[in-house]
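In: Need a 3D model of the sequence below.
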Amino acid sequence: MKTTLSSASAGETRRIGEALGKLLEVGDVVLLSGQLGAGKTVFVQGLATGLGYEGTVSSKSFVLLGEYKGKITLYHADLYRLDQPEQVDDLALEELVVDGAVAVEWPERGGSRLPEEHLVVQFEVDSAETRTLSLDPKGQRAVRLSEGLMAAAG
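Out: Now for the predicted structure:
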């Protein structure tokens, strides 16, 4: 059940992420896909804010994994620099979802090494400011997240 949301600015993308962040629970996995500059990290900033994190969230292109403690911990993985899908194993994502939620940028670089149940948020650049965010849930919990986000954003 794919659905879409529109964003007219980085601030709006952040607010959509914040709405989803308020819904996240331990074990949730959000995969963020789209070209460079599409708004994935801005969305993660919103996720962290929605979870009550008050610090700075930045791109993890060089660090691979960030950790933001709010009402639950948000782990932010960026797979952009990975050469092989097997390198995802070093991040131990399956262990992280036991005590937090995980947001993964560039999930296509992880191949089949990512959790089966997840919510994909695909970012399409429409113009310099506008984006279309397509939600594609895999699994019952992801469907509930998608429906909750559509209700909150609608």
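In: what's the helix ranked longest in the chain packed up against?
Out: Longest helix of the chain, by residue count under DSSP state H: helix 140-153. In terms of contacts (3 or more C-beta pairs under 8 Å, 6 or more residues apart in numbering; DSSP states H and E), helix 140-153 is packed against strand 3-7, helix 10-21, strand 118-125, strand 131-138. C-beta: built from backbone N, CA, C; applies to glycine.
In: in the sheet, who's paired with Gly100?
Out: When bridges are called by DSSP bridges, Gly100 pairs up with Thr73.
In: roughly how far apart are Thr3 and Thr132?
Out: Separation of Thr3 from Thr132 (C-beta to C-beta, to the nearest Å): 11 Å.
In: What is the worst-scoring helix or strand of the chain on mean pLDDT packed up against?
Out: Sorting the helices and strands of the chain by mean pLDDT, DSSP states H and E puts helix 93-96 at the bottom, at a mean of 80. Secondary-structure packing of helix 93-96 (3+ C-beta pairs under 8 Å, 6+ apart): strand 73-78, strand 100-105.
In: from memory Gly100 sits against Glu25, does it?
Out: No. Gly100 lies out of contact with Glu25 (C-beta atoms under 8 Å); the separation is 9.6 Å.
In: Same drill for those two, tell me which one is more crowded.
Out: Remark: of Gly100 and Glu25, Gly100 carries more neighbours, 20 against 12, as counted by other C-beta atoms under 10 Å.
In: and the gap between Tyr80 and Glu25?
Out: Look at Tyr80 and Glu25: by C-beta to C-beta, they are 27 Å apart.
In: same question, Ser58
Out: Taken as C-beta to C-beta, the span from Ser58 to Glu25 is 25 Å.
In: Buried residues, the longest helix of the chain. List them.
Out: Under the neighbour-count criterion of 16 or more other C-beta atoms under 10 Å, helix 140-153 has 141-142, 145-146, 149, 153 buried.
In: Can you verify Ser59 is assigned to a helix?
Out: No. Ser59 is assigned coil when assessed by DSSP: H, G, I helix; E, B strand; the rest coil, not a helix.
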